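Asks: Let's see this in three dimensions:
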Amino acid sequence: MPVLYLSHGAPPLADDPLWPGQLAAWSAALPRPRVVLMVSAHWESAPAALGATETVPLVYDFGGFAERYYRVRYPAPGAPWLADRVRALLDTPGRPVHQDPARGLDHGAYVPLAEMYPAADVPVLQLSLPTLDPVELLALGRRLAPLREEGVLIVGSGFFTHNLAGLRWGTGPDEAPGWSREFDDWGREALGAADVDALLDFRHRAPAGRVAHPRTEHFAPLFVSLGAGESDLAAARSVIDGFWAGLAKRSVQFG
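Replies: Numbers count the residues shown, from 1 in each chain. As a prediction, this is how the structure comes out:
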């Protein structure tokens, strides 16, 4: 299976005239996964933790939106066998992978998946971000890479730029503040060159790195995807680009 890093937007993504169709077209072009392993910017827990392995309520981890966004359902099946496989790959002495059986999918997981697999018929398992350290996340992704041969679609879900103070509601898909555009251009070039060292050091090397990501949790899932997709870095390609409310929604496929 390929490996993805996608920008997941926010609950109103579903109302965007362009983005849902882009996500649907992307999934239609992929091999159908046996299961999705999702690493979202919206779940940080150390040591690494796995979410529910059966269908449980979603996590509405946002505020200030219309009531209808809190009524969205996405009853994807769980994947207990995948939880066992992830534990086998990630467990280390003294740092076992935890299980949180009540933890449902957060909006970083279900918002894009509702557009990609709207029937909610592909099992989903969510894995926490155990750290924001890029090097450690790259190593974690490498350890997950064998799952690709078992029909698992590994997805890192974040946002290519993410500064909520810089949101520009109502702007078009080609409109963005300079800091967002500059970071996006830099990231596109670094990915195109398979320059992992530059990406790992993005806070220092990227233009406006600290403005584009005042906190790094939305870029962090990229490093899990980079590690899992390392064998296909040379063939990495951006499937979705452009901007949403001024933020770069670049989304990348490895393999």
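
Asks: Going by C-alpha atoms from here, please, whenever you check contacts or count neighbours.
Replies: Noted.

Asks: Kindly confirm my reading that D61 is in a helix.
Replies: No: D61 is assigned coil when assessed by DSSP: H, G, I helix; E, B strand; the rest coil, not a helix.

Asks: so it makes contact with D106?
Replies: Yes: look at D61 against D106 with CA atoms under 8 Å: they come within range, at 6.4 Å.

Asks: Give me the helices and strands touching the helix or strand containing V155, please.
Replies: Take DSSP states H and E as the rule and V155 turns out to sit in strand 152-158. Strand 152-158 is packed against strand 3-7, strand 35-44, helix 107-116, helix 221-228, with contacts defined by 3 or more CA pairs under 8 Å, 6 or more residues apart in numbering; DSSP states H and E.

Asks: neighbouring strands for the second one, and are they parallel or not?
Replies: The one in question is strand 35-44. According to DSSP bridges, strand 35-44 has the following sheet partners: strand 124-129 (parallel), strand 152-158 (parallel).

Asks: Just the residues contacting whichever helix or strand comes after the last one, thanks.
Replies: Following the chain from strand 152-158 toward its C-terminal end, the next helix or strand by DSSP H and E is helix 178-192. The contact list for helix 178-192 (CA atoms under 8 Å, 6 or more residues apart in numbering) reads 160-161, 196, 198-199, 206-209, 211-212, 233-234, 236-238, 246-248, 250.

Asks: Now helix 178-192 - C-alpha only, CSV.
Replies: Extracted as CSV, the C-alpha positions of helix 178-192 are listed here (Å, rounded to 0.1, in the frame of the first residue of the first chain):
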residue,chain,number,x,y,z
GLY,A,178,3.1,35.2,2.4
TRP,A,179,4.3,33.1,5.3
SER,A,180,2.0,30.2,4.3
ARG,A,181,2.9,30.4,0.7
GLU,A,182,6.6,30.5,1.4
PHE,A,183,6.5,27.6,3.7
ASP,A,184,4.4,25.6,1.3
ASP,A,185,6.8,26.3,-1.6
TRP,A,186,9.8,25.3,0.6
GLY,A,187,8.1,22.1,1.7
ARG,A,188,7.1,21.2,-1.9
GLU,A,189,10.7,21.6,-3.0
ALA,A,190,12.1,19.6,0.0
LEU,A,191,9.7,16.7,-0.6
GLY,A,192,10.5,16.8,-4.3
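
Asks: got the contact list for P96?
Replies: 47-48, 87, 90.

Asks: Residues that sit against both of D61 and D106, list them.
Replies: In contact with both D61 and D106: H42, using CA under 8 Å, 6+ apart.

Asks: Next, work out how far apart the closest residue to P130 other than its chain neighbours and L129 are.
Replies: Residue nearest to P130 in three dimensions, not counting chain neighbours: A46, with 4.2 Å by CA to CA, 6 or more residues apart in numbering. Using CA to CA, to the nearest Å, A46 is found at 7 Å from L129.

Asks: higher neighbour count, the two?
Replies: Comparing A46 with L129 by other CA atoms under 10 Å, the one with more neighbours is L129, at 26 against 13.

Asks: Show me what the more buried one is bridged to.
Replies: E44.

Asks: A48 is in contact with that one, correct?
Replies: Yes: with contacts counted by CA under 8 Å, L129 reaches A48, the gap being 6.5 Å.

Asks: quick one: secondary structure of the closest residue in space to A102 that isn't next to it in sequence?
Replies: Once flanking residues are discounted, A102 sits nearest to A52: 5.6 Å by CA to CA, 6+ apart. What three-state DSSP gives for A52 is coil.
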